[in-house]
Each structure stands twice: as C-alpha cells, then as structure tokens.
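>>> here is a sequence together with a model predicted from it:
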Amino acid sequence: MVFHSFDFLLFLPAVLAICFLMPKRFQNVWLLAASLLFYGSGGVKYLPFLLMAVVISYFCALACEKYPHRKKAALLVWTVLGLGLLFSMKYLSFAFSLVTRALGYMGIVVETPSFSVFLPIGISFYTFSTIGYLMDVYRGKIKAERNFIDYALFVTFFPYVLAGPIERADHILPQLKKPVVFRFDRVREGAYRMLWGYFLKLVAAERLGIFVDRVYGEYHAYTGAHLLTAAVLFAFQLYADFAGYSEIAIGAAKMLGIDVVQNFKAPYFARSVSEFFKRWHISLNRWFVDYLYIPLGGNRKGKWRKYLNVLVTFTFSGLWHGSSLSFVFWGGLNGLYMILGDMTHKGRNKLKEKWSVKTDCFSYRLWQMLFTFGAVDFAWLFFRANSLRDAVGIIHKILFSFQPESFINRSLLTMGMDLYDWMLMGIVFLIWLTVDILREKMNLYEELKKQNLLFRYLVFLAGFFGILVFGVYGPDFSTGSFLYFQF
C-alpha cells in the first residue's frame, strides 16, 4: 500500500474514524495494528525484520539504563546487528563486485557470487531511527521508553515507516502519550498538506519522470541538449517526488495530532551547498551530523580532520542511498563541494571587497542560487545515472554532442511529453515557485486560515480537481512508486 493508491484513500479515513471513537487506552494499540497492517501490505515477509528491530532496540535501550557499566555493549548489540543486516541485504553483492573488480585489475579472475537476498521496505529508515534512539539513550539525552506499545508505534508509525522522515524519539514519543481527539483544524490542515503532496507527486513528479526515464534509459540515442534538459528536470522530479511524499506523511500524521518533522524547505533557494543540505532531506542530514559526523570528531580536531570527517560523512550518505559507485561518487562530490566552499570562503570574501561586489542585492542572491543549483544538479547526474560509467558517458555527450538546435526542432516533444505537457509544466512550476516563495516568508497555512471560507474551499477544490484532471494515471502507474522507497 502506497500513499497514492486507492487502498490508502480508504485506509486512512478508517484509521482516523476508529481512532477518534476509541478510548485513549486502546488508541495506540489500534494505531500500532494499523501501522503493521500498512507495512505488511507491502509484503508480509518483511514484517519479521521490522518487529526484530523494534524488540531488540527496545530491550537494548532498557539495558543501557539498567546496566550503565555495560551500556556500550547494549548499544553495540543492535547497532552492529542492525547495520549488519542492512549491509548484508543491501551492500554484500556490491562489496563482492568491488573486490572481484580489484582482483581483476591485478590479473586474478574471480567470479562474483550471485545473491538473491531481498531488501525489506524501509529498512534503511527504521534501522537509522532505532539506532538514533539507542544513541540518545546511551548519551543520556532521553530516558528509555518503558511502554512497549508506545515505542513500537514510534518506530512503525505508518506515515513515516516506509520512507521517512527519520524521526527522533524525544520528538514523537511525548506526542504519542497524549489522547488522539478529533480536531477539525488539524484534519483540515492535514488535508491541505496531503493535497499539496499529491499535487507534487501526481502532477509534477510523474509527468517529469516520463521524460527523464526515457532519456536516461537510452542516453546513447539523444543529444547533449536532450541530456542536459533531462538532468535539470530530474532535479525537480526528485524534489517533487520526495517532498510530495513527505507532505503526505506530515499531513496524515497531523490528522492524528502528531507533528512530524519538516523534511524539505525550498532547497533550490539555497545559496550554497552547505545551505542546500540544511534544506534537503533535513531529517537524514541531521541524523548523519548527530550520529556520524560529531562522533568522528566534527570540527573539534582541527581543520584537516574536519574536512576528512565531512568527506567520510557525505560518502556514507551516498552509500546509504544505494549500493553503486555512482551513489558513492555523488556523496563524495557533495562532500568535496563543502570542503572547497569552506577552504575558499575567506578568499572569496576578500575578492568581493576588492571588486566592490554588492552582496545585499537580488542579483547577487540569484547568482548564488543559480550557481548552487548548477553544482547540485551536476551531482544529481551521478545520483540518477544507472552506473558511474553511464554518468561519465552522459557528461561526455553533454560536452561534445550538445547540438543546441535540439531545443527548437521540436524533438523535445517526442520523448513522452508533448506540447500540452510542457505548457502544463510551465503552469505547475509557476504555482510551485509561488508556494515555495510564500512558505519562505510566512506560515502559508495560517495565512490561508485567515481568508474567507469561500476562498479557502475554492483553493482546496481547485487543487483537488486539478490533481484529478492533470495527474498522471494509467495501467502502468503502479510502477511509479516514490523514488525514495528504493533507499
């Protein structure tokens, strides 16, 4: 069951209605059962891994508090086991391929063993969530949760169990202690957020994906201009897809009285790569800072150690996204951006002073945003390409087979998006840009609440029917799951 399925549109109202009518002492039991049903609908065979993560991390946290002289051992039990399971299911084949490739360069021919290990849905997300919880208990930041039902619900809560945001126990558990009561304002706000999420996913991401998938899938057949267009559109496809998922998750949780962390904040308005990663997939990047970068030493052990820690953190972030050298390269490249930005910061400021560059004007801010987008989008090329070799091939074609006439010879209208689609996407981008600008300046929902009732409902109905009319559907739509499900 996924958020954009008909099943979920029946599931969510049923969960809400029963929960609102149920006594408080049974509400979390019901939500836990509903969350397990939601997760198990994607494959019952995946449930034991989720339940194992819940049970082992729960008892390890209790052991951390009860046996403080052995709390490191308690921490390591689930950390090693959880990461070990994640590695064996997601990266073992990749690791063997690297070893056999290295041996091949040495003249030693070894066949890569074949593996048929399945990957449980959401394992990267709930493994990180439970390890983060254990780390917080180990550090004394929070107390271990005694109520097993509440803790299990924190890990398995259906709005974020499949693809995040990666939540923290100190943020969610106190909210789970409160009774779930029907509040129209929360249901209404949740509905608006879900509507925006569906708009991003069904109208923007799915339509852009038609073009992007075709060009990246057969990049040899297209010119550099086509490939550059696909590279730019993928940046917005990924944003619309994952931000759309996060908005639906936040909205569904909001209806139940749970405030889930904001995962995106207009990332392409960022004026540096450092700022970009404070706006993009916020929960994951904060996780890596708190549980990897800082334990490695952060910026406390000198400049060069700081740069090494940054590079290691971003490389692991790339590896978390997928078992491919292209993902590792993507992470390492972003780490390199961060290092170069820090190394050249003082020099750039001196040049701006020497040349009297105005930095408090729109043109300078726009230049920073465009430059940052260019750097980020170049890295996205490695993220999207099917392999590192394909990424290099795409870059080569962009540089040496550009053919600018491809922009005006109507060939862009033959790759899954016709003139109607391009015109529609122009309108979508204007709406999208307007919403992101308004969100930067104000609490958009609070401002909407201040408007007249007729205006509010016209906005909602326009969005609802806009999705019905312009959303991408069809017999093959089930294949278009949210992109981050694969991670």
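Arrived safely, thanks for sending. Numbers count the residues shown, from 1 in each chain.

>>> okay, CA-based contacts and neighbour counts for the rest of this
OK.

>>> how near is residue 270 to residue 376?
10 Å (C-alpha to C-alpha, to the nearest Å).

>>> repeat for residue 397
Residue 397 is 19 Å from residue 376, where distance means C-alpha to C-alpha.

>>> wait, residue 145 touches residue 153, no?
No - counting by C-alpha atoms under 8 Å, residue 145 stays clear of residue 153, with 11.5 Å between them.

>>> give me the more crowded residue out of the two.
When neighbours are counted by other C-alpha atoms under 10 Å, residue 145 and residue 153 differ, and residue 153 comes out ahead with 24 against 19.

>>> contacts made by stretch 308-325 with the rest, please.
The contact list for stretch 308-325, computed with C-alpha atoms under 8 Å, 6 or more residues apart in numbering, reads 90-91, 94, 124, 288-289, 292-293, 296-298, 327-332, 334-336, 338-339, 387-388, 487.

>>> give me the buried entries from the residues you listed.
In these, burial by neighbour count holds for 90-91, 94, 124, 288-289, 292-293, 296, 298, 327-332, 334-336, 338-339, 388, 487, counting by 16 or more other C-alpha atoms under 10 Å.

>>> domain parsing for this structure?
6-182, 186-479 (automatic domain parsing).

>>> any chance of those in CSV, plus mean pLDDT?
Below are those laid out as CSV (pLDDT from 0 to 100):
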stretch, mean pLDDT
domain 6-182, 89
domain 186-479, 92
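
>>> hmm, back to that, in helices only, show me the contacts of stretch 308-325.
90, 94, 124, 288, 327-332, 334-336, 338-339, 388 (DSSP state H).

>>> and the residues you listed, which two are the farthest apart?
Spanning the widest gap among these are 90 and 339, at 28.8 Å by C-alpha to C-alpha.

>>> distance check, residue 219 against residue 393.
8 Å.

>>> these two: which has the busier surroundings?
residue 219 (20 against 15).

>>> show me what contacts that one?
Residue 219 touches 227, 394, counting by C-alpha under 8 Å, 6+ apart.

>>> over to it: give its phi and psi.
With angles defined as degrees, to the nearest 10, residue 219 sits at phi -60, psi -20.

>>> ok, now residue 180?
Residue 180 has phi and psi values of phi -90, psi 110 when expressed as degrees, to the nearest 10.

>>> run a quick neighbour tally on it.
Residues lying near residue 180 (other C-alpha under 10 Å) number 21.

>>> buried set for stretch 196-214?
196-213.

>>> contacting residues around that stretch?
Contacts to stretch 196-214, defined as C-alpha under 8 Å, 6+ apart, come from residues 4, 230-231, 233-234, 236-248, 415-417, 421, 425, 428, 463, 467, 470-473, 480.

>>> show me the residues you listed that map onto strands.
Assigned to strands by DSSP state E, none of those qualify.

>>> just the buried ones out of the residues you listed, please.
Buried, going by 16+ other C-alpha under 10 Å: 4, 230-231, 233-234, 236-248, 416-417, 425, 428, 463, 467, 471-472, 480, out of those.

>>> and the residue nearest to residue 24 when sequence neighbours are not counted, which of the three is it?
The shortest distance from residue 24 to any non-neighbouring residue, by C-alpha to C-alpha, 6 or more residues apart in numbering, is to residue 179 (5.4 Å). Three-state assignment for residue 179 (DSSP: H, G, I helix; E, B strand; the rest coil): coil.

>>> list the contacts of residue 416.
210, 211, 214.

>>> look up how far residue 132 lies from it.
42 Å.

>>> what's the answer for residue 317, then?
Counting by C-alpha to C-alpha, the gap from residue 317 to residue 132 is 15 Å.

>>> again, but for residue 207
Distance, residue 207 to residue 132, using C-alpha to C-alpha: 36 Å.

>>> residue 169 too?
Remark: distance between residue 169 and residue 132 (C-alpha to C-alpha) = 8 Å.

>>> same thing with residue 266?
The value you get for residue 266 to residue 132, if C-alpha to C-alpha is used, is 26 Å.

>>> which other helices and strands does the longest helix along the chain contact?
Taking DSSP H as the criterion, the chain has its longest helix at helix 224-255. If you count contacts as 3 or more C-alpha pairs under 8 Å, 6 or more residues apart in numbering; DSSP states H and E, helix 224-255 packs onto helix 184-198, helix 206-217, helix 362-384, helix 388-400.

>>> okay, angle between it and helix 184-198 too, please.
Between the axis of helix 224-255 and that of helix 184-198 there is an angle of 160 degrees, by axes from the mean of the first three to the mean of the last three C-alpha atoms, to 10 degrees.

>>> ok, then the element right after helix 224-255?
As assigned by DSSP states H and E, the chain's next helix or strand after helix 224-255 is helix 273-279.

>>> can you pull out the residues in contact with that following helix?
Counting by C-alpha under 8 Å, 6+ apart, 263-270, 285, 334, 337-338, 372, 375-376 sit against helix 273-279.

>>> got it, and stretch 291-300?
With C-alpha under 8 Å, 6+ apart, stretch 291-300 has contacts from 132, 135, 305, 306, 309, 310, 313.

>>> now do 6 Å
The contact list for stretch 291-300, computed with C-alpha atoms under 6 Å, 6 or more residues apart in numbering, reads 306, 313.

>>> chain center to it: distance?
Computed by C-alpha atoms, centre = their mean, to the nearest Å, the separation of stretch 291-300 from the middle of its chain amounts to 22 Å.

>>> where's the residue lying closest to residue 190 once chain neighbours are set aside relative to residue 194, distance?
The shortest distance from residue 190 to any residue other than its chain neighbours is 3.7 Å, reached at residue 251 (C-alpha to C-alpha, 6+ apart). For residue 251, the distance to residue 194 equals 5 Å [C-alpha to C-alpha].

>>> settle it for me: which of the two has more neighbours?
More crowded of residue 251 and residue 194, by other C-alpha under 10 Å: residue 251, with 28 against 23.

>>> show me the contacts for that one.
190, 193, 194.

>>> just give me the closest of these to residue 354.
residue 193 (46.9 Å).

>>> residues contacting that closest one?
With C-alpha under 6 Å, 6+ apart, residue 193 has these contacts: 247, 251.

>>> please, where are all the helices along the stretch 51-200 of the chain?
Taking DSSP state H, counting those that start in this stretch as the criterion, the stretch 51-200 of the chain carries its helices at 71-90, 92-105, 123-139, 148-156, 169-176, 184-198.

>>> show residues contacting the fourth one.
What that stands for is helix 148-156. Contacts for helix 148-156 (C-alpha under 6 Å, 6+ apart): 32, 54.

>>> which positions in that helix come out as buried?
Neighbour counts using 16+ other C-alpha under 10 Å place 150, 151, 152, 153, 154, 155, 156 of helix 148-156 among the buried residues.

>>> what's the farthest-apart pair in the residues you listed?
Comparing all pairs in the buried residues of helix 148-156 by C-alpha to C-alpha, the longest separation belongs to 150 and 156, at 10.0 Å.

>>> excluding sequence neighbours, find me the nearest residue to residue 236.
residue 205 is the one closest to residue 236 (C-alpha to C-alpha, 6+ apart), at 7.5 Å.

>>> repeat for residue 266
According to C-alpha to C-alpha, 6+ apart, the nearest residue to residue 266 is residue 436 (5.8 Å).

>>> cool, and residue 425?
In this structure, residue 425 finds its nearest non-sequential neighbour in residue 204, 7.1 Å apart by C-alpha to C-alpha, 6+ apart.

>>> make JSON lines out of the helices of the stretch 51-200 of the chain and add distance to residue 410.
Formatted as JSON lines, these follow (distance: least, C-alpha to C-alpha, whole Å):
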{"stretch": "helix 71-90", "distance to residue 410": "42"}
{"stretch": "helix 92-105", "distance to residue 410": "41"}
{"stretch": "helix 123-139", "distance to residue 410": "42"}
{"stretch": "helix 148-156", "distance to residue 410": "48"}
{"stretch": "helix 169-176", "distance to residue 410": "51"}
{"stretch": "helix 184-198", "distance to residue 410": "30"}
